[in-house]
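A.B. asks: Generate a structure from the sequence data that follows.
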Amino acid sequence: MSIGLSRERIVGQLELAEELLAARATGMFEPQDLPGRYGRVVRAIDRVLESIACEALVGGGWAVWRHGYLGRVTQDVDIVLPQERIAEFLRVAGVSGFDVLSCPPGRWPKVLHKDTDITVDILPEGGRPGTASRPAPTAIRNPAEMGAVVGRLTYIDLPSLVELKLAAGRVRDEADVIELIRANPTEVPSLRQHLAQIHPQYAAEFDAMVRRADEQEDR
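C.D. replies: Below you'll find the predicted structure:
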């Protein structure tokens, strides 16, 4: 049984990778253009956002893919929501094809799209990324400050994505930043300028990752 499931998942991932490459080639860069069940969950989120006139952004792995790291494919969808709209979003989502998942106190909300079985992780404005032992020096900003529009999911802009990745501070997030640097070399000066305005710690960490990206290019 486990072998069959594993093989099915591998085949599915390969098919998804081919569809994503085709999407890039045709300039399909909006969340609504994602293929298969990922596009369906995005459109389901859009319906909730439209009904409550709320803005939100796609972050996480899909935003990393959108901004140039083509090898980054994830199984869930991360969205940034305004803090004061989260309760309303959860209420409407709960009667619009989503299950609101139970989370331990202090954890960020999650919903499950029942039609696609995809988990949607909510990154709340004002939430502080990082870990208990190493919290980020800044909190998540309002999505309107990072490229969001009302009633429709859009991707987080590149500077804000790098900011959130540095704030999260996990090994995987650091690897994502290095790949984003390699994919967007002409954006490095403006990225550093943005990060320095947010917090000097991010600028210092970014400089170190630029050096690591350069070292990888030299190999």
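A.B. asks: Verify the contact between Arg47 and Ala93 for me.
C.D. replies: No. Assessed by CB atoms under 8 Å, Arg47 is found out of contact with Ala93, at 9.5 Å. From N, CA and C alone the C-beta is placed, and that goes for glycine too.
A.B. asks: if I look at Asp207, how far off is Asp157?
C.D. replies: Distance of Asp207 to Asp157, given as CB to CB, to the nearest Å: 21 Å.
A.B. asks: again with Asp99
C.D. replies: Going from Asp99 to Asp157 by CB to CB gives 30 Å.
A.B. asks: if we can go back for a sec, more crowded one of Arg47 and Ala93?
C.D. replies: Counted by other CB atoms under 10 Å, Arg47 and Ala93 do not tie: Ala93 has more neighbours, with 25 against 13.
A.B. asks: my guess is the more buried one meets Val48, correct?
C.D. replies: Yes. If you go by CB under 8 Å, Ala93 and Val48 touch, sitting 5.1 Å apart.
A.B. asks: residues in contact with Pro129?
C.D. replies: Pro135, Ala136, Ile140, Leu164, Ala167, Ala168, Gly169 (CB atoms under 8 Å, 6 or more residues apart in numbering).
A.B. asks: Of Asp99 and Asp157, which one has the most company?
C.D. replies: Using other CB under 10 Å, the more surrounded residue of Asp99 and Asp157 is Asp157, with 17 against 13.
A.B. asks: any idea how far that one is from Val58?
C.D. replies: 11 Å.
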